[in-house]
Every structure is written in C-alpha cells, then in structure tokens.
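In: Sequence below, structure please.
(2 chains)
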Amino acid sequence: MFKIVKREEMAEGTVILNEIEAPLIAKKALPGQFVILKANETGERIPLTMAETNPEKGTITIIYMVVGKSTALFKGLKVGDGFQDIIGPLGKATHLEKVGKVVCVGGGTGVAVLHPITRALKEIGNSVTCIIGARNKALLILEDKMKMASHDLRICTDDGSYGHHGFVTDVLKEVLEEGDIQLCVAIGPVPMMKFVSKMTKEYNVKTMVSLNPIMVDGTGMCGGCRVSVGGKTKFACVDGPEFDGHKVDYDELLLRLQAYVEDEKNSYDAYMKEKGHSC
Amino acid sequence: MAEETGKKEKIPRQPMPEQAPEVRAKNFDEVPTGQSPETAIKEADRCVQCKNPACVKGCPVGVDIPGFISLVKQGDFTKAITKIWAKNGLPAVCGRVCPQEIQCEENCILGKKGEPVAIGNLERFVADYERKNKKADRPKKAEPTGKKVAVVGSGPSGLTVAGDLILKGHDVTIFEAFHKPGGVLVYGIPEFRLPKEIVFSEVAGLEAMGVKLNCNAVVGRIVSVDELFEQGYDAVYLGVGAGLPRFLNIPGENLIGIFSANEYLTRSNLMKAYLFPEVDTPIIRGKNVITLGAGNVAMDSARTALRLGAEKSIIVYRRSRQEVPARSAEVHHAEEEGVEFHFLTAPTKFIGNDKGRVIGMEGLKMELGEPDESGRRRPIPIEGSEFELECDLVIIAVGAGPNPLLTQSTEGLELNKWKYIVADEKTGKTSKKGVWAGGDIVTGSATVILAMGAGRKAADSIHDYLTWGW
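Out: Just a heads-up that it's a prediction; the model follows:
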C-alpha cells in the first residue's frame, strides 16, 4: 500500500492534493512524468502527472480534479489511508533547455502539472512568464507557488472574479505581442491547449503540451492512449505525454476522451447515491 | 477383467466435458469443465507406455509423460503431480493452453492409426486434483547459494525461471510491471480458457517456496538493469513478452470503439471490465463486432465479445481457412459459439459518426497468389470487390511486436533488426554479461510452453553461471 501522508482540498473541494509515500518513484521521477494509481482491488488504473516529488522524504504529490467515480474514490482516502497500487514513473520527462524567454500557460488542474516544469525552466536560467486561468477565483489553484516559480505571473478568470476577465489566450496574445518568446508550455483542458497552440502557431513560437488521454497500462502495451501527432499515431504513455502542440490533433483527442462518458456518468451517479445512503 | 486382455486402442479417447456452446457464449466460466478420476484413469489406460516415448520429445520442457500417465492409471494422482513438477512448474496452465496437437500428442503412437492419448487433459486433471486436495510435497530446495537473481516479467517464461532457480537454492525476485502477476496468462488469456485463480495459485506456490514478487515495478523506469546489478543481483532474466500492439495504419483507426486486442483483453481479463460497474474499469460492449486477424488472440477476442453481449461476432482474415494460425480447437470452439469467419477479406478503412465512434468498415476481397516469405500464399486484392460491413466495435488482433521500453533503457543489449533481443538459442544468454532473455521478447509472439521451454534453458544456464562463471 502507498500511504497518504498529507491531504489538502482546493478549489472548494473539487480539487484534491495527496502527498503519498512512494520512495522508489520519488527517487526516479523527473518533471513531466506521470504515475498510474489504483485505489483498491476493483479500482480503475488512473494516470496522473506528478505535481511534486520529494526524493529525500520519499514522497510524490498528485493534484487531481474530482470528475468521476475513480477520482471520487481517491477523494475519500484520508491521511493514513493509501492507494493499493502506484506504478511509475512513466512517460518521457520534459525536455528542459535554456532558450531565453518562455511563457507557461496553465488552466484548471493543468496548473499542478505545469508548476514543476515552470520552476525547472526558471532554475536553468530562462525568463519565465506564467499565465494561469480558472473559471472563477475560487477554482484557481497554486497561485503562490506559481508566483515563486516564475518571474511574472498573470491570472485570468472566465467570470472576471480575479485578474484578467477572460481566457488565458487573451493574455497570451499580449505576451506574444511583447515579442521574443522562444517557447510556450501549455497544460490544461484540451480546448485550452488547442487554442493556445493555434495562437502560438501564428506567432511561430514552439509549443509543448502535456496530454492525458485514456490509458490502461502506461507502458506502451495497449495503445488505448493513441493520439495523432503530425498525422502519425503516437502512444502518449511512452512517446509522450508531452508533444509538439502545433502537431496534435486535438479534435480527435477530445472525442477519444468521451469514449466511456455514459458508463462513467452512470458509475459515478451510482457511487454517489450509495455513498449518500451510507452516510 | 476383459479390458485387461483387450487391445489398448479399443478404449476410445475420453472426451472432455464442456459447457454447451449456447450457454457458455454468455458467461465467463471455463469452457471445459474437467474430467472425473474414473475418466482420467480410463484415458491413462490407453497409453501403451512406449519404450522410446516420442511424446516426450515433443514437449518443450521434457515432461516424463509415460511416467506420470502410468501413475494416473494406478490412481496415484499425488505421485503423478510430483512427476510432472520435476519438469513443469505450471501444469494446470499447460494442460489448458499448450497446443498439444502439434507437440506431445502429435507424436503419440496411437495417433498414427486413431486418436492420440489426451495428454493435455490428463496433465490438467492431475494439476487440478492436486490444487483441490493439496497432498503432494513441493520439491525440496537446495541449500542457499547466496546468489541473487532478478526475473523481469512474470509471464510463463519468468515464472519458469523463478521456479527452477529457487529450487536450486538461489534468492529470486520477480519484477512485474502490472499490479498482478502472470503476464499474458492474466492480461491476455480469458477467464473462460484459463481461470485467473489458477495462475494466482501457481504464483502463490512459488512465493511459498521463497520467490519474492515485486508488482508495479516497471524495469526500465523505476529501476534499470544496470541498477539491478548495483543492488547486488548476480544475474538478470528478461522475460518481458512482446507487448507492443500492431495496428493496421489505415484511415479511421483511431475512432472510438477500435481497440488493440491487447487493450480489449486487458480490460476484460486483468481489469475484469466484464463485471463493470461492480468494478470500475469500463469496456465497450459492441453489438456488431469485427475482429481482425485469426490467431489465438483473435479467437479469444471474438469469443470475449460474444460474452459481452455481441449479437454478431465476425473474424475477418485476409488469408483462407488453411492459413489460420489459431489452434484448431480454438477455431472449433469459436465456431460452435457462433463466431462467423470471413476469409480472404481485408479492411481498407474505418467509418465513424459525428461522435467519433466507429460505425462501419470498408474492405476488399482477396485471392491467394504465390507464396510469400512466410511460405504462405500471399493474399492479393480483387479489383472491384469493395464492400462495407456495419460494426460498432473492432478488435485488431494482427500480432504484437517487441515493446521497446526495457530494451531501449538497457545499454549493451544486442537487438535484431526487428528489435527483439538476441539471445543464444541453447542458453538464453544475451550480449550483455549476466543477462539472459527468453520468451516472446526473443522469438516474437509464440506459445506459453515455448516461453517456458526458453525459461528452462535459461535457468539451467544461469545456474551454471552462478556456480562456475560466465
């Protein structure tokens, strides 16, 4: 069992942070890599990119949004409880390079994945502007950490309750107009990554995105996570999870993410109903 | 008694009782239900106990077949299992999934004129009897040697290596990437052909003998082969299988409802998605299912689809019935259950709806031309033979290649042009000192028993190395 040593609720309880004992993974993991977690015997294997690792303490941190039964099960785990299985580190690590001026764009829980990459880009000497967004102020996560990890943090909310009123792409346009951006890293909901990539392509700015498709094994064995990149089929688990944002077929990815949408909804509703009864 | 003096071949081969096709096509219980002790003894009595038994030569691990059959005939099932264990640590598995008809049973002298002795059924009977009754003593372990062996992968070859080397007194640890041991026996072969409980019971037997099992351990990620040596392992065996699914690279292949057989079977077998929503892993339940390919994996997929509610389950194969690579017993079972076969047919394109879900497949009819490099007649498209098939689930079972995750992260390991590991045929030794390999990662997709045979050879070679040096 992989024990939870710290648990926080964020964004009004819709986003959960778990710091988990996994010393071997913590020792090996690099920014951008992911783990697969399974709560219990009957649980589903859920891939999540690590938000933090602490090799000295032997822990990894995941931050996830509660979207279905599996993440609801995760949410139910308290400090001292644990995950039955955690597999990792999986996927390729982020390619980190000093290129000059970099813009990092994060939306929703993508900010959690963006954080270690942003910090690493800053540490190796890049000048890092960061744009993070959420639907409203309450749902914004990791503001303080992102401030520390970048030179310039800009915030957007869809409803204008905090920072710029509008989408991250509005602010991104300003940053791109300022010029000289060498690299964009965008991690968040698929539509956000799609529109960020569309914009940076116009400015000819190299863009890296991190994808989180449906997966089973995470080792290249099943091909469930296949994505079209530059017209070629890639497996996100071993060829990614990071890809050239200008080449990803986001529309296909969006559709593929809906493969089990009805099953997932029914399973979640049944679980919440059962949970309601037992309370 | 009259039978004593009668000619042996007069006893007919004893049939294996099975669930009726219309019943079993709707459940995941094992298809053959197993034989009674009386039937097993009767079958064993058919064996003529050849002085120079050809059956043993057909067995990749060299089980003393007449030896154990003679014990079955005497009703001493416990001694019979001990006899099998001396050469084969996974008899309950092999009795079920070995292609006996091209190995031991093909060589059986009775087969020349009639039906061979049902060696596979007897092996299965003896193993199942022991699993229920637990009377036999496990073989004795040698004194500890102080040598440590890492076995990467817990499929049939890895389990064989572990079982052999623990008996020789070595300290053995298995590293498995999945959360459960068994490799293809668990993620690939369906419950109705090989109940998972049998595999777990075999693994538990190894653990009881002292084999350590590390699940969730992806070697190449969490630890490298070189790091295993740094950690004090004296030898490493790589039995990671051929876990890279092949796709067809035709338009529409990424539509929802198109799976690799690996994914489809892993969801159903390892994750038990057929029990969804009792378990949390979902699977798509198609009404019109097409499986592409005609190997054992394709049969498993098409039959799984029936059990998941398919009204129509079709195998589409570009060659003819003669070239079908699956075991004839599997084809027979599939046909009995209602799987349809479309031979000389190849897909060209998948069609989707506005939700990105597959709704059809376009294809071409084929005819057979001259033999290709595999010696089989090459299928050639017939012009103007375009057709369309309706479907809501497609399973691609056209084979697997070598998964590069481990081989790419291991320096000094020679690979062939198809990226399989180069290993000595007799010993399993690779180009890297202290590293052996066997099973599908060396040969490409093959059978459970061939992987076990490779494991046996490697285990012998590893033992020699740990005793005498490289």
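In: use CA for all of it now, contacts and neighbours both
Out: Noted.
In: What's the local residue count around the residue in the stretch 151-279 of chain A positioned nearest to chain B?
Out: Of the stretch 151-279 of chain A, the residue with the smallest distance to chain B, taken as C-alpha to the nearest C-alpha, is A:Cys222 at 4.4 Å. Other residues lying near A:Cys222 total 26 when counted by other C-alpha atoms under 10 Å in any protein chain shown.
In: now it, what's its secondary structure?
Out: Using DSSP: H, G, I helix; E, B strand; the rest coil as the criterion, the local structure at A:Cys222 reads coil.
In: Kindly tell me how buried the residue lying closest to it once chain neighbours are set aside is, as a neighbour count.
Out: Excluding the flanking residues, the one nearest A:Cys222 by C-alpha to C-alpha, 6 or more residues apart in numbering or on different chains is B:Glu263, at 4.4 Å. Using other C-alpha under 10 Å, B:Glu263 is surrounded by 25 other residues.
In: The residue of the stretch 151-279 of chain A closest to chain B contacts B:Ile258, doesn't it?
Out: No: in this structure, A:Cys222 sits apart from B:Ile258 without contact. The criterion is C-alpha atoms under 8 Å, and the distance is 11.6 Å.
In: Okay, strands next: where are they in the stretch 301-450 of chain B?
Out: Assigned by DSSP state E, counting those that start in this stretch, the stretch 301-450 of chain B shows strands spanning B:312-316, B:340-342, B:345-352, B:358-371, B:377-381, B:387-390, B:393-396, B:400-401, B:435-437.
In: will you turn these into TSV that also has mean pLDDT?
Out: Written out in TSV, the entries for those read as follows (pLDDT from 0 to 100):
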stretch	mean pLDDT
strand B:312-316	98
strand B:340-342	97
strand B:345-352	97
strand B:358-371	95
strand B:377-381	91
strand B:387-390	96
strand B:393-396	98
strand B:400-401	93
strand B:435-437	97
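In: Relative to A:Asp263, which of these is closest?
Out: Nearest of those to A:Asp263, taken as C-alpha to C-alpha: strand B:393-396 at 15.9 Å.
In: and the stretch 301-450 of chain B, which residues reach chain A?
Out: Of all the residues in the stretch 301-450 of chain B, those in contact range of chain A (C-alpha under 8 Å from any C-alpha of the partner chain) are B:355-356, B:403, B:405.
In: Keep only those of these that are in helices.
Out: Among those, the members found in helices (DSSP state H) are B:Leu405.
In: Could you give me the ChimeraX syntax to select whichever of the residues of the stretch 301-450 of chain B next to chain A are buried?
Out: Selection of buried members from these for ChimeraX, criterion 16 or more other C-alpha atoms under 10 Å in any protein chain shown:
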select /B:356,403,405
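In: okay if I get the residues of the stretch 301-450 of chain B next to chain A as JSON lines plus pLDDT and distance to A:Asp244?
Out: Converted to JSON lines, these look like this (pLDDT from 0 to 100; distance: C-alpha to C-alpha, whole Å):
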{"residue": "B:Lys355", "pLDDT": "94", "distance to A:Asp244": "25"}
{"residue": "B:Gly356", "pLDDT": "95", "distance to A:Asp244": "23"}
{"residue": "B:Asn403", "pLDDT": "92", "distance to A:Asp244": "23"}
{"residue": "B:Leu405", "pLDDT": "91", "distance to A:Asp244": "21"}
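In: Enumerate every residue touching B:Ser313.
Out: Contacts for B:Ser313 were tallied using C-alpha atoms under 8 Å, 6 or more residues apart in numbering or on different chains; they are B:288-291, B:302-303, B:305-306, B:338-340.
In: and if you look at A:Ile62?
Out: For A:Ile62, the contact set (C-alpha under 8 Å, 6+ apart) comprises A:17-19, A:48-52.
In: Tally up the residues packed near A:Tyr257, please.
Out: No Tyr there; residue A:257 is Leu. Applying other C-alpha under 10 Å, we find 16 other residues in the vicinity of A:Leu257.
In: if I read this right, it contacts A:Ile214, doesn't it?
Out: Yes: if you go by C-alpha under 8 Å, A:Leu257 and A:Ile214 touch, sitting 6.3 Å apart.
In: So which residues of the stretch 101-250 of chain A form helices?
Out: Using DSSP state H, counting those that start in this stretch, the helices found in the stretch 101-250 of chain A span residues A:110-123, A:143-149, A:168-178, A:190-202, A:236-239, A:250-256.
In: do you know how far B:Gly352 is from B:Met361?
Out: In this structure, B:Gly352 and B:Met361 are 9 Å apart, going by C-alpha to C-alpha, to the nearest Å.
In: so the closest residue in space to A:Leu121 that isn't next to it in sequence is in which element?
Out: By the measure of C-alpha to C-alpha, 6+ apart, the closest residue to A:Leu121 outside its immediate chain neighbours is A:Leu96, 6.4 Å from it. Using DSSP states H and E, no element contains A:Leu96; it sits outside every helix and strand.
In: Assess the claim that A:Leu96 and A:Lys122 are in contact.
Out: No: the pair A:Leu96 and A:Lys122 fails to qualify as a contact (C-alpha under 8 Å) at a distance of 10.0 Å.
In: The two: which is more packed in?
Out: Summary of the neighbour comparison: A:Leu96 and A:Lys122, criterion other C-alpha under 10 Å, with A:Lys122 having more neighbours (22 against 13).
In: For the residue of the stretch 301-450 of chain B at minimum distance from chain A, which non-adjacent residue is closest in space?
Out: Of the residues in the stretch 301-450 of chain B, the one nearest chain A is B:Gly356, at a distance of 5.9 Å by C-alpha to the nearest C-alpha. The shortest distance from B:Gly356 to any residue that is not its chain neighbour, by C-alpha to C-alpha, 6+ apart, is 5.4 Å, and that residue is B:Leu255.
In: Right, I'll call it a day here.
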